[in-house]
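Colleague: I'd like to go over a predicted model; first the sequence, then the structure.
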Amino acid sequence: MTAKDLAERAGCDPRYISEWLGGQAAGGYIGHDPATQRCTMTEEQAFALANPDGQVYLPGAFALALGALKAEPKITEAVPALDGVEAKLRAGARAADAGVTSRTSFEVASAQTFTGTGYDLVTTFDCLHDTGDPVGAARHIREALGPGGTWMIVEPAATATLEGNLNPVGRAYYSFSGFLCVPNSLSQPGGYSLGARAGVAAIRQVTTDAGFTRFRRWPRRCSTWSTRPGRNHNARRVDHGVARRAVSTATVGPR
């Protein structure tokens, strides 16, 4: 069945289902037909994964994940339990060591409302795909950059198709995306849910829609993109069949 079919049967948002199915297909737990976009299970897969009363029911392993979630309060207690660490972090120890305390400030704001203008460099690390309105965020960043300013975008490297992401990294990122990235973006206004497997083309489109006219992905092993108003470049890198992290930069300049 397709993601839409399963979403209707399960009573879930199709975006949740498509992201979840992507993770299952990348992990080899289900089959995927690129021509019809239908997902299937072999008899062996159904035996191990779809019969709660069967002799082998692997989803029981998810009980371990639930146990980890219940331990979350203990994780938040870890830093305060370390002698003096919390105070040093709150005081900005590393900034003080680097001699930049007087030139550093922290602000809690959304990607569409942070203050300041004339920046030479704005960076976003692995977060643009989590926003409900990435175009609004990109537009605000463009307005905040000064002449010749650069926006460096770090995002997971991926292809534009499910079949292009059927690898171990795709398995992990589809799973993270289904539980974290897509729910986060759908909970925000804006109507976007790019997911962690958005890929170069989707990020490039966001920057274009925001008014950037130059986009470049640096040809390094740890993939890098860059975008600025001017020229557009689009590329992707996949090493040994495994998509890696990607970085882009956007700069403000004449069209």
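Modeller: Looks like it arrived, so ask away.

Colleague: The lengthiest helix in the chain: what's the following helix or strand?
Modeller: Determined from DSSP state H, the single longest helix within the chain is helix 14-26. Using DSSP states H and E, the next helix or strand after helix 14-26 towards the C-terminus is strand 31-33.

Colleague: Run through the neighbouring helices and strands of that following strand.
Modeller: helix 14-26, strand 38-40 (3 or more CB pairs under 8 Å, 6 or more residues apart in numbering; DSSP states H and E). The way it works is simple: take the backbone N, C-alpha and C, and place the C-beta from them, glycine included.

Colleague: looking at the ones you listed, which is closest to G132?
Modeller: Nearest to G132, of all the helices and strands packed on strand 31-33, is helix 14-26, at 11.8 Å by CB to CB.

Colleague: list the buried ones in the closest one?
Modeller: Residues of helix 14-26 classed as buried: R15, Y16, I17, S18, E19, W20, L21, G22, G23, Q24, A25, A26 (neighbour count, 16 or more other CB atoms under 10 Å).

Colleague: repeat for stretch 170-183
Modeller: Buried residues in stretch 170-183, counted by 16+ other CB under 10 Å: G170, R171, Y173, Y174, S175, F176, S177, G178, C181, V182, P183.

Colleague: same question, stretch 2-17
Modeller: For stretch 2-17, by 16+ other CB under 10 Å, it's T2, A3, L6, A7, R15, Y16, I17.

Colleague: Between the two ends of it, what distance do you get?
Modeller: Stretch 2-17 has an end-to-end distance of 9 Å (criterion: CA to CA, to the nearest Å).

Colleague: can you check stretch 188-205 too?
Modeller: With CA to CA, one end of stretch 188-205 sits 20 Å from the other.

Colleague: still on that earlier bit, what packs against the longest helix of the chain?
Modeller: helix 3-10, strand 31-33, strand 38-40, helix 168-176, helix 182-186.

Colleague: A144: which of these is closest?
Modeller: For the helices and strands packed on helix 14-26, proximity to A144 was assessed by CB to CB; helix 182-186 is nearest, at 21.5 Å.
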